[in-house]
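[1] Got a sequence here, can you build the structure:
(chains A and B, ligands or ions: 2)
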Amino acid sequence: MMSTLLELNNVQTHINQFHILHDISFEVPKGEVTVLLGRNGAGKTTTLRSIMGLNPPTEGTVSYKGQVINKWKPHMIARNGIGYVPEDQGIFGDLTVGENIRVAMQKEDETTTEHLEWVLELFPDLKKFWKKPGGQLSGGQKQMLAIARAYVNDNELLLIDEPSKGLAPIIVEKVMESILYMKEKTTIVLVEQNFMMASKIGDSFHIIDDGKTVHNGMMSDLKQDKNLMKKYLGIA
Amino acid sequence: MDLFFSLTVNGLATGMLIFLLAAGLTLIFGLMDVLNFAHGGLFVWGAFSGVWVYDLTGSFWLGIVGAIITGLILGAIIEYLIIRPVYGNHVQQILITLGLMLVLSELIKVVFGPDQKAATAPEYLQGSFMVGDVILIKYRLFIILVGFIVFGVTSLILKRTRIGLIVRAGVMNKEMVQTLGVNIRLVFMLVFMVGAAMAALGGMLMAPYSGVIYAEMGLEFGILAFIVVVIGGMGSFSGSLLAAILVGLAQAYMAYYVPALSLAVNMLLMTVVLIFRPQGLFRVGVK
Ligand SMILES: Nc1ncnc2c1ncn2[C@@H]1O[C@H](COP(=O)(O)OP(=O)(O)O)[C@@H](O)[C@H]1O
Ligand SMILES: [Mg+2]
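    Ligands and ions are numbered 1, 2, ... in the order given. Model prediction:
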């Protein structure tokens, strides 16, 4: 039986006076890739930001490994093992690749070193451009750096927001491949509009529409359900 | 030639005093996104508390230590009580720090009395050297030296230490730093305290330079420091040194060669920079 790593229960989030999330509820089974789907502006990014504590929920609960974390500050959530790859990648442009990664390294213990070696093997470009400013990397390299940075800590869950966004198809393939490798090591919540990518990586899916989780199921079933895809994702 | 040289030394010394104020201001703005109009108040408090200790003990060095400690303590209190509640709201920041500036200036009069105070450099820093036919005033060289030391040490900390790395990263993207597990609030307080201490040190060094200190001098220097921060590029530490020297020199030359323009020169400098490089001389990159 799979155990649940992360659980959102009736999460509602306001940003300033705007009520953005109305009812987000889903579970993330340990060891799987859970995909969040939905149109632009549906609330996928806000959902990830709510989990991270950047836009803390105003109602409902977020539990991680059985602990309720939705009142915690972002750094505490991060220290508890959740890594975040934002939609814009959040690369520190003036810092070198190495420095970008070092900011994330809370400890320099064995696990961290192991993780670091592993991601550098997965992304040899990062090793090659170790001393290059992050701002000078290509879009794909930035994405890899962001993913690597989110993983060097002892993280058990990665939240990855639209990693294929703005990348050339051939680079998307590479990023996808690397996320498949990450999947061996950690649990992932993936926001992805690129359906091909989502369906290759994802185990289960949740559709978010207008700030609510409206549908869920196994990724393999979704491919068959043309009506659902059309209604919520605009894919015919 | 020797006149030009001595104007240059003057300008550099003034520039360094402004730098000590602007350095904290630019880091506080860059990292915390806080417009601190009370920064000049820390300059005055450094001057008065430092001179008080100096008078009491007879030791200029203890005076400097006293000013720095005053800056650290005031910085911690102000960050915690005044700044923390208004993070993210520029209008409130401007109002509350302008108010704080007035309170800090008035409190100087309450604590140290309403009159201006005299201060002289210790004997070993008085007088001058002759190099050829150029006169170099010791105390001005001392200020320049201290300015470069503060710049060098702070640069090293920013470049070589973990806390420095976090500050540089935080200037570019605060949210990201937090989601990588850093308690940004602690870093904010530390940076505010260090910025306040630098301002206080600047005030203390200013005292024997101008000979007198008075409660309102914080406002004058505070404005200069803001101009420097804008010229140097908001958030850029190296930029603040370069811009401070520029402003110090421009002021020194203009005061002598074109006195009519000496008050306007800094505004002019800022306007020119803003027209041609709206981001300031140095830009801090985000992505
Ligand atoms: N800071 C904000 N202020 C106001 N509205 C916002 C803010 N951030 C997001 N929104 C709104 O919240 C909704 C959900 O946005 P988002 O979570 O980014 O959607 P998605 O990632 O699914 O495209 C959108 O309608 C967006 O306009
Ligand atoms: Mg989004």
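
[2] Tell me the buried residues in the biggest helix by length in chain A?
    The longest helix of chain A (DSSP state H) is helix A:169-185. For helix A:169-185, the neighbour count (16 or more other CB atoms under 10 Å in any protein chain shown) marks A:171-176, A:178-179, A:182-183, A:185 as buried. For the C-beta atoms, the positions are set from N, CA and C on the backbone; glycine is no exception.

[3] okay, now the domains of chain A?
    According to automatic domain parsing, chain A comprises the domains A:1-81+A:156-166+A:185-236, A:84-155.

[4] Make a markdown table from those and add distance to ligand 1 and mean pLDDT to it.
    Output for these, formatted as a markdown table (distance: least, CB to the nearest ligand atom, whole Å; pLDDT from 0 to 100):
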| stretch | distance to ligand 1 | mean pLDDT |
| --- | --- | --- |
| domain A:1-81+A:156-166+A:185-236 | 3 | 93 |
| domain A:84-155 | 7 | 94 |
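
[5] Switch these over to a markdown table; also include distance to chain B.
    Listed next are the domains of chain A as a markdown table, based on distance: least, CB to the nearest CB, whole Å:
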| stretch | distance to chain B |
| --- | --- |
| domain A:1-81+A:156-166+A:185-236 | 4 |
| domain A:84-155 | 4 |
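
[6] Can you tell me which of the ones you listed is nearest to B:V34?
    Minimum separation from B:V34 across those (CB to CB) falls at domain A:1-81+A:156-166+A:185-236, 18.9 Å.

[7] ranges for the strands of the stretch 1-150 of chain B?
    Applying DSSP state E, counting those that start in this stretch to the stretch 1-150 of chain B gives strands spanning B:117-118, B:128-131, B:134-137.

[8] now the ones you listed as TSV including mean pLDDT and distance to A:E99?
    As requested, the strands of the stretch 1-150 of chain B are arranged in TSV below (pLDDT from 0 to 100; distance: least, CB to CB, whole Å):
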stretch	mean pLDDT	distance to A:E99
strand B:117-118	94	46
strand B:128-131	86	43
strand B:134-137	86	41
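
[9] So which of those strands is nearest ligand 1?
    Closest to ligand 1 of the strands of the stretch 1-150 of chain B, according to CB to the nearest ligand atom: strand B:117-118, at 50.2 Å.

[10] Where does the prediction get shaky in chain B?
    B:1, B:283-287 (pLDDT under 70).

[11] do you know which of the strands of the stretch 1-150 of chain B lies nearest B:Y54?
    Nearest of the strands of the stretch 1-150 of chain B (CB to CB): strand B:117-118, 10.3 Å.

[12] So which elements touch the closest one?
    Contact partners of strand B:117-118 among helices and strands, from 3 or more CB pairs under 8 Å, 6 or more residues apart in numbering or on different chains; DSSP states H and E: strand B:212-213.

[13] isn't A:G217 right next to A:K223, touching?
    No. In this structure, A:G217 is not within contact of A:K223 by CB atoms under 8 Å, at 10.6 Å.

[14] list residues touching both of those two?
    In terms of CB atoms under 8 Å, 6 or more residues apart in numbering or on different chains, A:G217 and A:K223 are not both contacted by any residue.

[15] Can you report how many residues neighbour the closest residue to B:G147 other than its chain neighbours?
    Closest residue to B:G147 apart from its sequence neighbours, by CB to CB, 6 or more residues apart in numbering or on different chains: B:M16 at 2.9 Å. Around B:M16 there are 26 other residues, counting by other CB atoms under 10 Å in any protein chain shown.

[16] And A:T96, by the same measure?
    A:T96, neighbours per other CB under 10 Å, totals 17.

[17] who's in contact with B:I163?
    Counting by CB under 8 Å, 6+ apart, B:I163 touches B:157, B:187, B:190.

[18] residues contacting the last one?
    This points to B:L190. The contact partners of B:L190, by CB under 8 Å, 6+ apart, come to B:I163.

[19] can you rerun that using 10 Å?
    B:31, B:72, B:75-76, B:79, B:163, B:166-167 (CB atoms under 10 Å, 6 or more residues apart in numbering or on different chains).

[20] and it, how far is that from A:N10?
    As for B:L190, its distance to A:N10 is 39 Å (criterion: CB to CB, to the nearest Å).

[21] cool, and A:V191?
    From A:V191 to A:N10 the distance is 20 Å (CB to CB).

[22] Just want to know which of those two has more residues nearby.
    Using other CB under 10 Å, the more surrounded residue of A:V191 and A:N10 is A:V191, with 23 against 15.

[23] is it true that the more buried one touches A:D161?
    Yes. Counting by CB atoms under 10 Å, A:V191 does reach A:D161; the two are 4.8 Å apart.

[24] Identify the contacts common to the two.
    Residues within reach of A:V191 and of A:D161 at once, by CB under 10 Å, 6+ apart, are A:36, A:44-45, A:47-48, A:85, A:87.

[25] Compare those and tell me which has the most neighbours.
    Highest count within those by other CB under 10 Å belongs to A:T47, 30 neighbours.

[26] Wait, a strand at A:I188?
    Yes. Under DSSP: H, G, I helix; E, B strand; the rest coil, A:I188 sits within a strand.

[27] ranges for the helices of chain A?
    Going by DSSP H, chain A shows helices at A:44-52, A:74-79, A:97-104, A:110-122, A:124-128, A:139-151, A:169-185, A:195-201, A:219-222, A:226-228.

[28] out of those helices, nearest to B:Y87?
    Using CB to CB, those put helix A:74-79 closest to B:Y87, at 14.1 Å.

[29] Just the C-alpha atoms of that closest one, please, in CSV.
    The C-alpha trace of helix A:74-79 is given here as CSV (Å, rounded to 0.1, in the frame of the first residue of the first chain):
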residue,chain,number,x,y,z
PRO,A,74,8.4,29.0,3.9
HIS,A,75,11.9,28.3,5.2
MET,A,76,10.6,25.9,7.8
ILE,A,77,8.6,24.1,5.1
ALA,A,78,11.7,23.9,3.0
ARG,A,79,13.8,22.6,5.9
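
[30] helices or strands next to it in the packing?
    Helix A:74-79 sits against helix A:44-52, strand A:82-85, helix B:174-179, helix B:184-210, with contacts defined as 3 or more CB pairs under 10 Å, 6 or more residues apart in numbering or on different chains; DSSP states H and E.

[31] Deepest in the core, which of those is it.
    For the helices and strands packed on helix A:74-79, the largest average neighbour count (mean count of other CB atoms under 10 Å in any protein chain shown) is found in strand A:82-85, namely a mean of 28.

[32] Partner strands of that one and their direction?
    Counting by DSSP bridges, the strands paired with strand A:82-85 are strand A:157-161 (parallel).

[33] just to revisit the earlier point, return the residues in contact with the residue nearest to B:G147.
    Here B:M16 is in contact with B:140, B:142-148, B:150-151, B:202, B:205, B:209, B:241, B:244-245, B:248 (CB under 10 Å, 6+ apart).

[34] Excluding chain neighbours, what is closest to B:I143?
    Closest residue to B:I143 apart from its sequence neighbours, by CB to CB, 6+ apart: B:A13 at 4.5 Å.
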